[in-house]
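K.L.:
Provided below for reference: sequence and predicted model.
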Amino acid sequence: MGVTDLAGRLDRAVLYQIYPQSFAFFRMGYGSAIALVLAVILGALTAIQMRAMRANRSDLS
C-alpha cells in the first residue's frame, strides 16, 4: 500500500464519518466540527502546495 492509497483511505474515512454523525445520529455540531477541521486541513495543505509551486516558477510564467 502506497502513501497515496493511505491518504485516500483516510480522507474517505473522514468524509464517510461526517454524514452519519450529522444526519443518522442527529449530532449536527459534531458533524460540523469534523467538516470544519477537514476544511482547515485541506486549506493548509493547499497553501503549502501553492507556496511550493510559487518557489519553483517555470519558464512559462
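P.N.:
Yep, it's here.

K.L.:
pull the helix or strand with minimum mean pLDDT from this protein.
P.N.:
Scoring the helices and strands of the chain by mean pLDDT, DSSP states H and E places helix 3-19 at the bottom, with a mean of 70.

K.L.:
mean confidence for the helix or strand just after that helix?
P.N.:
Tracing the chain past helix 3-19, the next element assigned as helix or strand by DSSP states H and E is helix 28-55. Averaged across helix 28-55, the pLDDT comes to 89.

K.L.:
How much space separates the residue nearest the centre of the chain from Met50?
P.N.:
What sits nearest the mean C-alpha location of the chain, by Cα atoms, centre = their mean, is Leu42, with 4.0 Å. Distance, Leu42 to Met50, by Cβ to Cβ, to the nearest Å: 12 Å. Bear in mind the C-beta positions are built from the backbone N, C-alpha and C, glycine included.

K.L.:
Likewise for Gly31?
P.N.:
Note on Gly31: its distance to Met50, by Cβ to Cβ, is 29 Å.

K.L.:
higher neighbour count, these two?
P.N.:
Each of Gly31 and Met50 has its neighbours counted (other Cβ atoms under 10 Å); Gly31 has more, 19 against 10.

K.L.:
so who does the more buried one touch?
P.N.:
Gly31 makes contact with 18-19, 21-23, according to Cβ atoms under 8 Å, 6 or more residues apart in numbering.

K.L.:
With neighbour count and distance to Ala35 added, can I get these in TSV?
P.N.:
Output for the contacts of Gly31, formatted as TSV (neighbours: other Cβ atoms under 10 Å; distance: Cβ to Cβ, whole Å):
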residue	neighbour count	distance to Ala35
Ile18	16	5
Tyr19	12	10
Gln21	19	10
Ser22	17	8
Phe23	11	12
